[in-house]
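Participant: Provided below are the primary sequence and the corresponding predicted coordinates.
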Amino acid sequence: MALECNSEECLAARAHLASARNEIISLCAHLASLRAKLASATAMAAIYGAMAAAMLAIAAVLAAIPVAGWLFSAGALVIGLAFLAVQAVYLATVVSLTGQINRTESELKAARDSFNEAVSEVTKNCPSECWGDLVMPAC
């Protein structure tokens with residue numbers, strides 16, 4: 001039996017290939033977005049951690065000054081603790097994004113496997129003149 005571009009098997013194989021390609025492209029874009037968010041959240045956590053350390057150091061120095069220093073020390077301590085709270089939010093975001101990246105990478109591996117299967121289906125069920133692009137998209 002001769003292979004034909006318009007056969008049901010060939011059309012289904014090419015549709016599977018197109019779907020697998022689109023899935024890879026979509027997951028790569030999502031992964032790039034997650035990685036950018038992770039870099040931003042990591043930087044913000046570091047910045048707020050440094051600001052908290054500075055405010056807590058100022059509070060410690062001001063605590064050595066009697067009466068008036070204690071009042072300012074309390075204010076600096078509250079600000080330092082607020083910075084720590086904000087840092088904790090960013091650190092939680094970093095943990096969440098890391099989990100999302102791991103899941104997306106697993107999904108991407110499955111999509112790449114599906115693409116390879118689709119390439120095999122196309123080469124098996126279609127003549128070479130209608131294979132189209134069999135190169136896996138890169139991230």
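Facilitator: Now that the structure is in, tell me what you want to look at.
Participant: how about stretch 43-59, which residues are buried there?
Facilitator: Going by neighbour count (16 or more other Cβ atoms under 10 Å), the buried part of stretch 43-59 is M44, A45, Y48, G49, M51, A52, M55, L56, I58, A59. Where C-beta positions appear, they are placed from N, C-alpha and C, glycine not excepted.
Participant: name the nearest residue to A32, ignoring sequence neighbours.
Facilitator: Nearest non-adjacent residue to A32, counting by Cβ to Cβ, 6 or more residues apart in numbering: C139, 7.2 Å away.
Participant: likewise for S73?
Facilitator: Leaving aside its sequence neighbours, S73 sits nearest to L62 (Cβ to Cβ, 6+ apart; 3.8 Å).
Participant: what about the longest helix in this structure?
Facilitator: helix 68-125 (DSSP state H).
Participant: I'd like the mean pLDDT over that helix, please.
Facilitator: If you average the pLDDT over helix 68-125, you get 94.
Participant: what is the burial count for T123?
Facilitator: Using other Cβ atoms under 10 Å, T123 is surrounded by 15 other residues.
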